[in-house]
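> need a structure here:
(one chain, ligands or ions: 2)
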Amino acid sequence: MANVLTIRGGVPLAGRVTVRGAKNLVPKAMVAALLGNEPSVLRNVPEIKDVAVVTKLLKLHGVAVTKDPVGGDLTLDPTHATQASRADIDAHAGDSRIPILLCGPLIHSVGEAFIPDLGGCRIGDRPIDFHLSVLRKFGAVVEKGNAGIHITAPRGLQGAKLELPFPSVGATEQVLLSATRAEGITELRNAATEPEILDLIAILQKMGAIISVLTDRTIRIEGVKSLGGYQHRALPDRIESASWASAALVTRGDIYVEGARQQDMMTYLNVFRKIGGAFDIDDAGIRFYHPGGKLSPLVLETDVHPGFMTDWQQPLVVALTQADGVSIVHETVYENRFGFTDALVRMGANVQLHRECLGSVPCRFGQRNFLHSAVISGPTQLTGTDIDVPDLRGGFSHLIAALAATGTSHVTGIELINRGYERFTAKLEALGADFDLTPIDQ
Ligand SMILES: CC(=O)N[C@H]1[C@@H](OP(=O)(O)OP(=O)(O)OC[C@H]2O[C@@H](n3ccc(=O)[nH]c3=O)[C@H](O)[C@@H]2O)O[C@H](CO)[C@@H](O)[C@@H]1O
Ligand SMILES: C=C(OP(=O)(O)O)C(=O)O
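Ligands and ions are numbered 1, 2, ... in the order given. From the prediction side, this is the model:
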């Protein structure tokens, strides 16, 4: 049932939250289990929507997915994998972006794949041309229908020499999940190397794959005939961790994020420190806090890893509305990721969007009329307003803006936030936020 969140702002968030496995790894690790010939066990699994969607899709394909009632660990048994009906699969159209990654594993395990239309955040066009191009180079035959796609490989998948036009996370994962059981060697140039991708490679290695990550964004995969299962603890969610860090800064609060891991967040931590945030790192997590005084503006570009991650951008922009001076953010990964700033402007923030590349490196979007650079002048006192959540990170940004604002905000569409923030209302409560959750039908 849909709910409206009524937030009374002005309370610094303080306390402790726990972050579990990464949204951008866990569903893919579940897909990888389909490549094995025995069960796999995945630990540190969060209760988020993409996990539920992939659980349903795997079950439709005969994979037995069982959840440990105490710890939530997932056991995934692919030994009776089978084809699923097109109608059953199409029922999941628009649910998530993960289904496209089922192509290789389904071809290897059941010989063909139906993929529904994808979902995910509307922050740009999000084409799948890189995915389809690499699949075709592996020898797959791709047929596009009115809804979804159908993929077969009459002669099996063959290793290939590939180069991505841009280091796409999803297309790199597509190659990994297709090539590990393909015949022969695959070399992928201009690959993405995000920590979640390295964790997926670690899982595939546990299953028996032979994958080398070379220094120049090249990944080399030597195909093997069969893979076993894995036992793996998913790496923690560095996006959720950074989101709570930004929340601490925006609300002048103090949040200990249990599970946050320094190695995956170094670029974020540098930026957090430059703005004026403080953090203490220990073995179990990171304490993020506003140490008092003014925050400093800065110039920032989002980029692929090891650059500043695009999914960190939206909550950080809210923090920059509180910095003392002019900040510039150049979004180079998605062409349309500043839509969420409309609501911030309605709350009193001073944010101007530009079509030019306001960064040191011209990006793919500079000549193409996209509002992909933002100039933020602060500090501004935000005031509460009514907001309908546009997407996952934009929604979290609106929440923290409302929590810092004077007055009351009504936030609808909060179900989108569940895609990436496990039990976020319980966490807000633990941090002392002043809010009510009311079913919309009342
Ligand atoms: C579920 C998941 O892991 N989602 C993450 C993943 O998304 P996702 O894997 O979809 O993102 P990509 O890295 O593929 O996209 C990066 C850019 O490449 C473009 N592109 C991508 C594929 C393609 O076939 N053609 C094409 O043009 C996209 O439109 C985008 O402009 O990485 C993004 C970049 O870190 C993150 O923001 C998302 O949270
Ligand atoms: C863009 C995101 O996710 P997805 O790729 O699942 O839409 C995100 O997590 O911020």
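> The closest residue to residue 310 other than its chain neighbours and residue 369: what is the separation?
When the adjacent residues along the chain are set aside, residue 310 lies closest to residue 333, with 3.9 Å between them (CB to CB, 6 or more residues apart in numbering). To be clear about C-beta, it is placed using only N, CA and C from the backbone, and glycine gets the same treatment. Separation of residue 333 from residue 369 (CB to CB, to the nearest Å) stands at 17 Å.
> For the closest residue to residue 275 other than its chain neighbours, grab phi and psi.
If the residues on either side of it in the chain are set aside, residue 275 comes closest to residue 295, at 5.2 Å by CB to CB, 6+ apart. Main-chain dihedrals, residue 295, degrees, to the nearest 10: phi -90, psi 150.
> Was I right to think residue 295 contacts residue 324?
Yes: with contact defined as CB atoms under 8 Å, residue 295 reaches residue 324; the gap is 6.3 Å.
> okay, those two: which has more neighbours?
When residue 295 is set against residue 324 and neighbours are counted by other CB atoms under 10 Å, the residue ahead is residue 295, at 24 against 13.
> Now for the more buried one: which residues touch it?
Residues in contact with residue 295, defined by CB atoms under 8 Å, 6 or more residues apart in numbering, are 249, 275, 276, 277, 319, 320, 322, 323, 324, 378, 379.
> Can you tell me which residues in the stretch 301-442 of the chain are near ligand 2?
Proximity of the stretch 301-442 of the chain to ligand 2 is assessed by CB under 6 Å from any ligand atom, with 311, 392, 393, 420 identified as the residues in range.
> quick one: which of the residues you listed is nearest to residue 5?
When these are compared for distance to residue 5, the smallest value, 15.1 Å, is given by residue 392; criterion: CB to CB.
> contacting residues around that closest one?
Under the criterion of CB under 8 Å, 6+ apart, the contact partners of residue 392 comprise 121, 416, 417, 419, 420.
> again with residue 112
Listed by CB under 8 Å, 6+ apart, the contact set of residue 112 reads 83, 106, 150, 151, 152.
> Only C-alpha atoms, please: export stretch 60-76 in CSV.
Once side chains and other backbone atoms are set aside, the C-alpha atoms of stretch 60-76 remain, and they are given as CSV (Å, rounded to 0.1, in the frame of the first residue of the first chain):
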residue,chain,number,x,y,z
LEU,A,60,10.3,-18.9,-12.6
HIS,A,61,13.4,-20.5,-14.2
GLY,A,62,13.4,-23.5,-11.8
VAL,A,63,16.1,-22.2,-9.4
ALA,A,64,15.2,-23.1,-5.8
VAL,A,65,15.8,-19.9,-3.7
THR,A,66,15.5,-20.4,0.0
LYS,A,67,16.1,-17.7,2.7
ASP,A,68,17.5,-18.5,6.1
PRO,A,69,14.7,-17.2,8.5
VAL,A,70,17.2,-15.9,11.0
GLY,A,71,20.1,-14.3,9.1
GLY,A,72,18.4,-13.9,5.8
ASP,A,73,21.2,-15.8,3.9
LEU,A,74,20.1,-17.1,0.5
THR,A,75,20.7,-20.6,-0.8
LEU,A,76,20.3,-20.7,-4.6
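> Can you list the buried residues in it?
When neighbours are counted by 16 or more other CB atoms under 10 Å, the buried residues of stretch 60-76 are found to be 60, 61, 62, 63, 65, 72, 73, 74, 75, 76.
> and the residues of the stretch 301-442 of the chain next to ligand 2, which are buried?
Buried residues within those, counting neighbours by 16+ other CB under 10 Å: 311, 392, 393, 420.
> Any figure for the gap between the closest residue to ligand 2 within the stretch 51-200 of the chain and ligand 1?
Nearest residue of the stretch 51-200 of the chain to ligand 2, counting by CB to the nearest ligand atom: residue 120, 3.0 Å away. Residue 120 sits 6 Å away from ligand 1 when distances are taken as CB to the nearest ligand atom, to the nearest Å.
> Ok, residue 93 next?
Per CB to the nearest ligand atom, residue 93 is found 16 Å from ligand 1.
> who touches the residue of the stretch 51-200 of the chain found nearest ligand 1 in this structure?
Here the residue of the stretch 51-200 of the chain nearest ligand 1 is residue 170; by CB to the nearest ligand atom that distance is 2.8 Å. Residue 170 makes contact with 97, 100, 101, 128, 130, 131, according to CB under 8 Å, 6+ apart.
> Next, count neighbours for the first one.
Going back to what we said before, that points to residue 97. 18.
> in the stretch 101-250 of the chain, which spans are helices?
Across the stretch 101-250 of the chain, reading from the start of the chain, the helices by DSSP state H, counting those that start in this stretch fall at 103-110, 129-137, 169-179, 195-207, 238-250.
> Dump those into JSON lines; add distance to ligand 2 as well.
Putting those into JSON lines (distance: least, CB to the nearest ligand atom, whole Å) gives the following:
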{"stretch": "helix 103-110", "distance to ligand 2": "17"}
{"stretch": "helix 129-137", "distance to ligand 2": "13"}
{"stretch": "helix 169-179", "distance to ligand 2": "8"}
{"stretch": "helix 195-207", "distance to ligand 2": "11"}
{"stretch": "helix 238-250", "distance to ligand 2": "6"}
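> gap between the residue nearest to residue 201 when sequence neighbours are not counted and ligand 1?
With CB to CB, 6+ apart as the measure, residue 211 is the residue that lies nearest to residue 201, at 5.1 Å, once sequence neighbours are left out. Summarising the geometry, the distance separating residue 211 from ligand 1, computed by CB to the nearest ligand atom, is 18 Å.
> now residue 297
24 Å.
> give me phi/psi at that residue?
Torsion angles, degrees, to the nearest 10, at residue 297: phi -70, psi 170.
> How about the one 10 residues further on?
The main-chain torsion angles of residue 307 are listed as degrees, to the nearest 10 and equal phi -70, psi -170.
> In contact with the closest residue to it other than its chain neighbours, which residues?
Ranked by CB to CB, 6+ apart and with sequence neighbours excluded, the top spatial neighbour of residue 307 is residue 267, at 6.5 Å. Neighbouring residues of residue 267 by CB under 8 Å, 6+ apart: 306, 307, 308, 309.
> Assumed residue 267 was part of a helix.
Yes: under DSSP: H, G, I helix; E, B strand; the rest coil, residue 267 falls within a helix.
> one step back: of the contacts of residue 295, which is the nearest to residue 404?
Set against residue 404, the nearest of the contacts of residue 295 by CB to CB is residue 322 (7.3 Å).
> ok, back up a step: between residue 333 and residue 369, which one's more packed in?
residue 333 (25 against 9).
> Hmm, that one is touching residue 303, no?
Yes: Residue 333 is within contact range of residue 303, at 7.0 Å (criterion: CB under 8 Å).
> And the residue of the stretch 51-200 of the chain closest to ligand 2, how close does it get to residue 287?
Distance, residue 120 to residue 287, by CB to CB: 32 Å.
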